[in-house]
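Student: What follows is a protein structure lacking sequence information:
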């Protein structure tokens, strides 16, 4: 993650805006000490504007860590499911970047959901496009009474990050001109026999397809 941050154009922009903002603020203070009120006002306002832009760029840089840019329907993970006992199965996630994660899940079906970040056209001008992050995996029972009372399993699929852009957009309307995070997406399929699933994501949401015949 540190390497990704160091190469992030938004972090570099944040540093550049921050440095320029600090320099202009300092020169504004110097101008005030010399009784150049107009120069102080202009340089200080511009410095504060650049600092604000730097802060916004930094927030975006940290916030998009863990999200994958989505330009078409893409494979988010391949999932191998193996029944262990009645209404219990294992699920092994293999991600495109080589990561592997394994979970033991209770239920009749495997359930996966994700957050979708859709940037508005204004943000697209700065190279920001629709992105996604897998959020949770768990089990789902067909019987609603079991869903209420039987064993529940739920695991996080998201990566830790310093800024949660999805949560910020839900809480603060000032991000509306830049970001639309008003929806997530979920999918689930039954698990009765061993098999392999392909978890795909598009701009309209998640879906799972069976790759290998059940009982392979």
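Tutor: Received it, and whenever you're ready, just let me know what you need. Being a predicted model, the structure only gives us computed values, none of them experimental.
Student: Start and end of stretch 136-146, how far apart?
Tutor: Start and end residues of stretch 136-146 are separated by 20 Å (C-alpha to C-alpha, to the nearest Å).
Student: got the buried residues for that stretch?
Tutor: 136, 137, 138, 139, 140, 141, 146 (16 or more other C-beta atoms under 10 Å). In short, each C-beta sits where N, CA and C put it, glycine included.
Student: how close does the fifth one sit to residue 159?
Tutor: Using C-beta to C-beta, to the nearest Å, one obtains 24 Å as the distance from residue 140 to residue 159.
Student: quick one on the thing from earlier: so of the buried residues of stretch 136-146, which ones are in helices?
Tutor: Counted as lying in helices by DSSP state H, out of those, are residue 146.
Student: Closest to residue 102 out of the buried residues of stretch 136-146?
Tutor: For the buried residues of stretch 136-146, the closest approach to residue 102 (C-beta to C-beta) belongs to residue 137, at 10.7 Å.
Student: Okay, and the beta partners of that closest one?
Tutor: Taking DSSP bridges as the rule, residue 137 bridges to residue 112, residue 155.
Student: What pLDDT is listed against it?
Tutor: If you check residue 137, the pLDDT there is 97.
Student: now swap in the one 4 residues further on and tell me
Tutor: Residue 141 carries a pLDDT score of 97 in this model.
Student: thought it was touching residue 151?
Tutor: No - if you go by C-beta atoms under 8 Å, residue 141 and residue 151 don't touch, sitting 9.4 Å apart.
Student: Give me the sheet partners of the helix or strand hosting residue 200 and which way each runs.
Tutor: For residue 200, the host element (DSSP states H and E) is strand 195-202. For strand 195-202, the pairing partners within the sheet under DSSP bridges are strand 74-85 (antiparallel), strand 205-210 (antiparallel).
Student: helix, strand or coil for residue 48?
Tutor: State at residue 48, reduced to three classes by DSSP: H, G, I helix; E, B strand; the rest coil: helix.
Student: Just give the number of residues close to it.
Tutor: Look at residue 48: counted by other C-beta atoms under 10 Å, it has 14 neighbours.
Student: mind checking how far it is from residue 41?
Tutor: Distance from residue 48 to residue 41, by C-beta to C-beta: 11 Å.
Student: go on, residue 80?
Tutor: Going from residue 80 to residue 41 by C-beta to C-beta gives 64 Å.
Student: So for these two, which sits in the more crowded spot?
Tutor: Shown here are residue 80 and residue 41; by other C-beta under 10 Å, residue 80 has more neighbours (18 against 13).
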